[in-house]
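Asker: A structural model of the following input is requested.
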Amino acid sequence: MPGFFAAGGGSLLLLACAPPVIFPAEILDTVDHGATVEQVLKRPGNYTGRVVEFGGQIVGSIVDREEVVMLVRALPIETKPVYGPVDRDEKRGIFVIRYRGNVGQQDLQHGNMVVVIGPVIGATVSNLTEVPVSRPTVKAQCFHIWRTQGRQIRDFPYGQNFTPLVQQTYCADRSNTILTTT
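Answerer: A predicted model of the protein is given here:
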């Protein structure tokens, strides 16, 4: 019996250390981990149709009827100490996320962190800046927003007077999921 409890406790410890599951397994299984954000930024046409998982920070967004377009500064995705994009003051480039559906205005705010999964649709022209620019674009199957407003994910809840970090997952043709980190 003591061995049973020891094994169970070890399993609980592994679960406690694992990053949270924020995307459906069938979506995660489609990701091509061989396509990096750096490669796609250099030659987006070579990766058209490949499903990627990219992270970043929202620098602008437009809602046009049923479509949301986000301009995102690419950031690496960490899994420890917390899961999500992390700003290491590295210049990595800008990409665009396109999503067909409704997204809350608080989630689209400048500075919020985002991870997207979806196929690369090449380089498309975005009007999110003063001048139309062609940028690598991902059509979101799912994306996850952290309402950080420019701060690091790992700074919550302690960095904001114990305010919980609100998060939301959006997936095409699925109900949205709101999470809070306490």
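
Asker: what ranges do the helices span in this structure?
Answerer: All helices of the chain, identified by DSSP state H, fall at 2-17, 25-28, 37-42.

Asker: Comparing those by mean pLDDT, which bottoms out?
Answerer: Mean pLDDT across these is lowest at helix 2-17; the value there is a mean of 45.

Asker: Bridged to Val96, which residues?
Answerer: Applying DSSP bridges to Val96 gives these bridge partners: Leu71, Thr137.

Asker: er, Val116 actually
Answerer: Going by DSSP bridges, Val116 forms beta bridges with Phe54, Phe143.

Asker: So it is in contact with Lys139, correct?
Answerer: No - counting by C-beta atoms under 8 Å, Val116 sits too far from Lys139 to count as a contact (9.2 Å). Yep, even glycine has a C-beta here, placed from its N, CA and C like the rest.

Asker: For those two, work out which one has more neighbours and name it.
Answerer: Val116 (26 against 17; other C-beta atoms under 10 Å).

Asker: tell me the contacts of the more buried one?
Answerer: Val116 makes contacts with 52-55, 72, 97, 138, 140, 142-144, as judged by C-beta atoms under 8 Å, 6 or more residues apart in numbering.

Asker: Over to Ala35?
Answerer: Counting by C-beta under 8 Å, 6+ apart, Ala35 touches 47, 50, 52, 120.

Asker: so the third one sits right up against Val115, yeah?
Answerer: Spelled out, it's Val52. No - in this structure, Val52 is not within contact of Val115 by C-beta under 8 Å, at 10.6 Å.

Asker: all strands of the protein, in order?
Answerer: Here the chain has its strands, by DSSP state E, at 51-64, 67-75, 77-78, 84-85, 94-100, 113-126, 133-139, 142-146, 165-171, 177-181.

Asker: Indicate which one of the ones you listed is closest to Leu28.
Answerer: Evaluated over those, closeness to Leu28 peaks at strand 113-126, with 7.1 Å, by C-beta to C-beta.

Asker: Provide a list of residues in contact with the spatially most central residue of the chain.
Answerer: By C-alpha atoms, centre = their mean, the chain has its centre lying nearest to Val115, at 0.8 Å. Listed by C-beta under 8 Å, 6+ apart, the contact partners of Val115 are 22, 53-55, 77, 84-85, 143-144.

Asker: Out of the residues you listed, flag the one nearest to Gly93.
Answerer: Phe54 (10.3 Å).

Asker: gap between that closest one and Lys139?
Answerer: Phe54 sits 12 Å away from Lys139, going by C-beta to C-beta, to the nearest Å.
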